[in-house]
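Enquirer: Turn this into a structure:
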Amino acid sequence: MLKKYKIVLPFFVLLLILSACGDEYEGDFSYEVQDFSYTNQDGEEVSKSELDGNFWVANFIFTNCETVCPPMTSNMAKLQTQLDEAGLDDVRLVSFSVDPENDTPEALKEYGESRNASFDNWDFLTGYEFDEIKKFSINSFKSPLELLPDSDQVMHVTSFFLVSPEGNAIKRYTGTMAAEMEKIVQDLNRYN
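Expert: Numbers count the residues shown, from 1 in each chain. Have a look, this model is predicted:
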């Protein structure tokens, strides 16, 4: 009887260890995205808990941006099309406004529509103070935000972040480069 336990016990220990591993996705880093509940372009609340369980892609933009935001938003629209063509329709896209004082839900909706966004799986979020989104960006994505002095412009990263179903940012892409959208789709296909 003791021999049976010597043989069976290691098997059960290994099985327990393997079952505890789960489906964690490895990327270039792993930053836990903080909980949030913000307002989208339709005036609806969107929370991190709604996104958990699926991959999502995040970026930071604002509607009065005169430089990098228009191409970033156009690239996100291209990514949305590529995800649809690849059958990756469970991937959500999230654009956080870094100018919440000016970016009302209505302004974000108009901005998204003017850049061919489909709101089926893409949320433009606002409904917080600048200091809150600044802390969120730094803590969740290790990305600084700064108001530029004597200007209505905000310095922010131009990255797109892939967030895993566990709620961790795991990869970064250059949001101003259209070719990077294909890399996102390739990575998502590899993870699925």
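Enquirer: secondary structure element for residue 93?
Expert: Take DSSP states H and E as the rule and residue 93 turns out to sit in strand 92-97.
Enquirer: Centre of the chain to that strand, how far?
Expert: Remark: strand 92-97 is offset 6 Å from the chain centroid, using Cα atoms, centre = their mean, to the nearest Å.
Enquirer: who are the neighbours of that strand, in terms of helices and strands?
Expert: strand 56-61, helix 69-85, helix 105-114, strand 122-125, helix 130-141 (3 or more Cβ pairs under 8 Å, 6 or more residues apart in numbering; DSSP states H and E). (Each C-beta comes from the backbone N, C-alpha and C, glycine too.)
Enquirer: Quick check: the residue nearest the centre of the chain vs residue 172, distance?
Expert: Geometric centre of the chain, nearest residue: residue 58, 2.6 Å, by Cα atoms, centre = their mean. Counting by Cβ to Cβ, to the nearest Å, the gap from residue 58 to residue 172 is 10 Å.
Enquirer: Need the overlap of contacts for these two.
Expert: 160-161 (Cβ atoms under 8 Å, 6 or more residues apart in numbering).
Enquirer: for this protein, which spans come out with low pLDDT?
Expert: Scanning the chain for pLDDT under 70 picks out the ranges 1-24.
Enquirer: If we use 80, what do you get?
Expert: 1-26 (pLDDT under 80).
Enquirer: In three-state terms, how would residue 50 be classified?
Expert: Applying DSSP: H, G, I helix; E, B strand; the rest coil to residue 50 yields a three-state assignment of helix.
Enquirer: Contact partners for residue 162?
Expert: By Cβ under 8 Å, 6+ apart, residue 162 lies in contact with 27, 55-57, 169-173, 184, 187-188.
Enquirer: Leaving out the residues flanking it, which one is nearest to it?
Expert: residue 171 (4.2 Å; Cβ to Cβ, 6 or more residues apart in numbering).
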